[in-house]
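Visitor: sequence first, predicted model second:
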Amino acid sequence: MSLPHRHEIDTEHRFDLTRIFDSPAAWHEAAEEFRDRLAALEARASKPLTGPAALDDLLTATVDCHERRASLALYAELYPNVHTEDDAAADVGRADRELTSALEPVVAAVRRRLAAVDRAQFDAWLDALDRDGRYAENLRDAGTHTREPAVEETIAAFEEPRTAPTRTVRAVTDGDFQPGTVERPDGESVELRYGNVVEQLSHEDRDYRRRVYETYRTEMDRFEHVLTRAVAEKLAAAAATTEVRGYDSIREWALSDDSYPATGVVCTCPEAVHETLLHAVPDNREPFDRARRLRRDRLGLDTLRPWDTRVPVVGSGDNTPKTANPEVSYPEARELIVDALAPLGESYVARVERYFDERRIDVFPTQNKRTDIPAYCPSAPADGAFVLANFREDVRTTFYVAHELGHAINVDYHTEGPTRYANSRTAVCEVPSILHEILLAEHLTRRGGRLAAAARNRLVECLGGNIYRNARATAFGHRLAVMVEDGEEITPERARATYRDLGDRYDPVVEPPADREGRDWLGRGTRPAYTGYQYVLGAVGALRVRAKLRDDDLDTSAYHEFLRNTGRDDAVTAFQRVGVDPTSRQPYRLAAAQFDDYVADLERATARTA
């Protein structure tokens, strides 16, 4: 079935990008003004600071440039994503990449200028300005990893080859990778793609799932050497950047990234937090093993295979699309989401209602729209958040919309303050979104009826994937990074052995075919090194917030303050606002116990329908 044209979708279900810029032409005008502002900032950064007034001017100009840049980047991301065949959209995308290149050396110059000021003098000037100094201090601290202009220019010149491995992976997964078609039990041929394989592995027919898996993975295996080489070169480039920038390890560098949206702030997550995660998750694995065994038993299997891990578990003999992923209209989805978020307070729910009304969600898949992802939520300090969704009128994509609304409302809170803090630390950014999914699943379960079974399944799938699968993913990236740091070559055999070993530690109930052990990581590599840890922390944090709200150990106003300050607080302080110590193993033990309760509920419910 072909997708509708955008003009066939009601206006209220298409987001209104004129909130950002009226047109591509207006965007280009704003881009020229940004270049002028950037040139003025560069001129300020070239001169020694002479006192509090000069410091204030430099900080104000820096904030202004980042705010303008974020708005330009937001439009340049969203407009082409709903006009994929439009030349004007392509022109905006190309011009936006040039703006990124223009901004980076100027930001480096600002950081160098601030780092050149004596610490005592810097503190005295901040005191004289009588302003919150965290933003200025963050910029100055980042200057310790900023190099002289000639070095920065060299680093910038190598940006293209440095990012080439990521493009290699994309070229494989989006271009050369052609797994072909598989015939469904109803006789329809399905053309497999990188973007639709998970959906096909959710089919109720096991033989079809096996054929999908084998067809897809056999084709991916053809590129094993290329994909392994690309990941090895990506980590080698990371090691070189780590050394040039003066970090102690690839992990320290990877856990120190620019905020989103970029405001000049560098978000750091202590390596101790990541190290705790690597040990605490597998040490509290039993509830995940229980969920895997439940899946195996409810599906009537002797052995759980990789092609069995995506199909919903809603009861033996009743695992049909109608039950596993029931239909939900968009008005119904909106009502369900709004009602589910009541535990977060009336003022919070009012924000959600307003967000729905403001045409900030592009709801349905259409022609000339990006449809390879279920949903995502970009934002900018001056413009707020927008959700690009591909809602398919079912319960699964209802959860996707709820998830992205968690990000959107986080933005709504943190944009109330100064724009320099209108962002979210990577380590905490998934807490609001996963909390939304937990609340929606609980709400649907309490209501009972046709959506309850799918909600129970989604909750266990969401938490199991975010905690345990993502912990394995970030552990895999870490082991490969350490391999590079130790001077070892990442070969296909070593990558396989590493991934296989982590399977034994993180997910031993699933048994891959003997000839495929350790290969199912292939196809990854487009995202930054260590990606995955934020989803683990997000799920653990969201579970603890839910428990504390239920037990009246956390007031809704305290949670709202957490949302307001996700760009102002460091990662550890942000978690502490909601009573979580991410350097301790205790939150993982408590989260595992909560997850076990959800698994037990699914076990009881599916036993009744067996």
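Guide: Thanks, I have it.

Visitor: check residue 110 and give its pLDDT.
Guide: Residue 110 is assigned 96 on the pLDDT scale.

Visitor: skipping its backbone neighbours, what lies nearest it in space?
Guide: Once flanking residues are discounted, residue 110 sits nearest to residue 45: 4.8 Å by Cβ to Cβ, 6 or more residues apart in numbering. (Each C-beta comes from the backbone N, C-alpha and C, glycine too.)

Visitor: so the one you found touches residue 107, yeah?
Guide: No. In this structure residue 45 lies outside contact range of residue 107 using Cβ atoms under 8 Å: 9.0 Å.

Visitor: and the nearest residue to residue 83 once chain neighbours are set aside, what does it touch?
Guide: Nearest non-adjacent residue to residue 83, counting by Cβ to Cβ, 6+ apart: residue 89, 4.0 Å away. Residue 89 makes contacts with 24, 79-80, 83, as judged by Cβ atoms under 8 Å, 6 or more residues apart in numbering.

Visitor: let's go with 10 Å and repeat that
Guide: 24, 76, 78-83, 368 (Cβ atoms under 10 Å, 6 or more residues apart in numbering).

Visitor: go ahead and confirm residue 209 touches residue 199.
Guide: No. Judged on Cβ atoms under 10 Å, residue 209 makes no contact with residue 199 at a distance of 11.2 Å.

Visitor: what's the pLDDT at the residue lying closest to residue 342 once chain neighbours are set aside?
Guide: Spatial nearest neighbour of residue 342, excluding adjacent residues (Cβ to Cβ, 6+ apart): residue 349 at 6.2 Å. Per-residue pLDDT puts residue 349 at 98.

Visitor: again, but for residue 199
Guide: The score at residue 199 is 86. That number is its pLDDT.

Visitor: phi and psi next, for it.
Guide: phi -60, psi -40 (degrees, to the nearest 10).

Visitor: ranges for the strands of the stretch 251-400 of the chain?
Guide: With DSSP state E, counting those that start in this stretch, the ranges of strands along the stretch 251-400 of the chain come out as 256-258, 266-268, 361-362, 375-376, 379-380, 384-385, 387-389.

Visitor: give me the buried positions along the helix or strand in which residue 94 is found.
Guide: Using DSSP states H and E, residue 94 falls within helix 87-115. Within helix 87-115, the residues that qualify as buried are 89, 92, 95-96, 99, 102-103, 105-115, counting by 16 or more other Cβ atoms under 10 Å.

Visitor: common neighbours of residue 45 and residue 107, please.
Guide: Taking Cβ under 10 Å, 6+ apart as the contact rule, residue 45 and residue 107 both touch residue 62.

Visitor: so what's the residue count around residue 530?
Guide: Using other Cβ atoms under 10 Å, residue 530 has 23 other residues around it.

Visitor: whoops, residue 243 was the one
Guide: By other Cβ under 10 Å, 12 other residues sit near residue 243.

Visitor: and it, what does it touch?
Guide: 250, 253.

Visitor: let me know the pLDDT of it.
Guide: 95.

Visitor: which helix or strand contains it?
Guide: Here residue 243 is assigned to helix 224-245, by DSSP H and E.

Visitor: repeat that for residue 505.
Guide: Per DSSP H and E, residue 505 falls inside helix 492-506.

Visitor: got the angle for that helix vs helix 224-245?
Guide: With axes from the mean of the first three to the mean of the last three Cα atoms, to 10 degrees defining the directions, helix 492-506 sits at 80 degrees from helix 224-245.

Visitor: okay, helix 492-506 in CSV with CA atoms only?
Guide: Output of helix 492-506 as CSV, limited to C-alpha atoms (Å, rounded to 0.1, in the frame of the first residue of the first chain):
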residue,chain,number,x,y,z
PRO,A,492,36.5,-10.5,12.6
GLU,A,493,37.6,-13.4,14.8
ARG,A,494,38.3,-11.2,17.8
ALA,A,495,35.1,-9.2,17.4
ARG,A,496,33.1,-12.4,17.2
ALA,A,497,34.8,-13.9,20.3
THR,A,498,34.1,-10.6,22.2
TYR,A,499,30.5,-10.5,21.3
ARG,A,500,30.0,-14.2,22.0
ASP,A,501,31.6,-13.8,25.4
LEU,A,502,29.3,-10.9,26.3
GLY,A,503,26.3,-13.0,25.2
ASP,A,504,27.2,-15.5,27.8
ARG,A,505,27.5,-12.7,30.4
TYR,A,506,24.5,-10.6,29.5
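
Visitor: tell me how far that helix is from the chain's mean position?
Guide: Distance, stretch centre to chain centre, for helix 492-506: 24 Å (Cα atoms, centre = their mean, to the nearest Å).

Visitor: next one: stretch 9-25
Guide: Centroid separation for stretch 9-25 versus its chain: 24 Å, with Cα atoms, centre = their mean.

Visitor: can you list the buried residues in it?
Guide: Within stretch 9-25, the residues scored as buried using 16+ other Cβ under 10 Å are 9, 13-15, 17, 19-21, 24.

Visitor: how long is it end to end?
Guide: For stretch 9-25, the first-to-last residue distance is 25 Å (Cα to Cα, to the nearest Å).

Visitor: so the nearest residue to residue 403 once chain neighbours are set aside: helix, strand or coil?
Guide: For residue 403, ignoring the flanking residues on the chain, the nearest one in space by Cβ to Cβ, 6+ apart is residue 433 at 4.5 Å. Counting by DSSP: H, G, I helix; E, B strand; the rest coil, the backbone at residue 433 sits in helix.

Visitor: residue 433 - how many residues pack around it?
Guide: Residue 433 has 24 neighbouring residues, counting by other Cβ under 10 Å.

Visitor: before we move on, what about residue 278?
Guide: Neighbours of residue 278 under the rule other Cβ under 10 Å: 18.

Visitor: mind listing what the closest residue to it other than its chain neighbours touches?
Guide: Closest residue to residue 278 apart from its sequence neighbours, by Cβ to Cβ, 6+ apart: residue 475 at 5.5 Å. Shown in contact with residue 475 (Cβ under 10 Å, 6+ apart): 274, 277-279, 281-282, 498-499, 501-502, 505-506, 530, 532-533, 536.

Visitor: just residue 256 next, same as before
Guide: 141-142, 145, 245, 247, 266-269, 271, 426.

Visitor: swap the cut-off to 8 Å and go again
Guide: 145, 247, 266-269.

Visitor: is it true that residue 312 touches residue 457?
Guide: Yes. Contact criterion Cβ under 8 Å: residue 312 and residue 457 qualify, at 4.6 Å.

Visitor: neighbour count: these two, which is higher?
Guide: Between residue 312 and residue 457, counted using other Cβ under 10 Å, residue 457 has the larger neighbour count: 27 against 23.

Visitor: look up phi and psi at the more buried one.
Guide: Dihedral angles (degrees, to the nearest 10) for residue 457: phi -60, psi -40.

Visitor: just the pLDDT for it.
Guide: pLDDT, residue 457: 95.

Visitor: residue 310 is in contact with that one, correct?
Guide: No. Counting by Cβ under 8 Å, residue 457 does not reach residue 310; the two are 10.9 Å apart.

Visitor: doesn't residue 569 make contact with residue 268?
Guide: No. Using Cβ under 8 Å, residue 268 is not in contact with residue 569; the gap is 11.8 Å.

Visitor: three-state assignment of residue 18?
Guide: helix.

Visitor: and the helix holding residue 505, what's its mean pLDDT?
Guide: pLDDT averaged over helix 492-506 gives 97.

Visitor: start the count at 507, not 1, going forward
Guide: All right, first residue 507 from here; so that's helix 998-1012.

Visitor: buried sites along the next helix or strand after that helix?
Guide: Heading C-terminal from helix 998-1012, the first helix or strand you meet, by DSSP H and E, is helix 1039-1056. Judged by neighbour count using 16+ other Cβ under 10 Å, the buried positions of helix 1039-1056 are 1039-1055.
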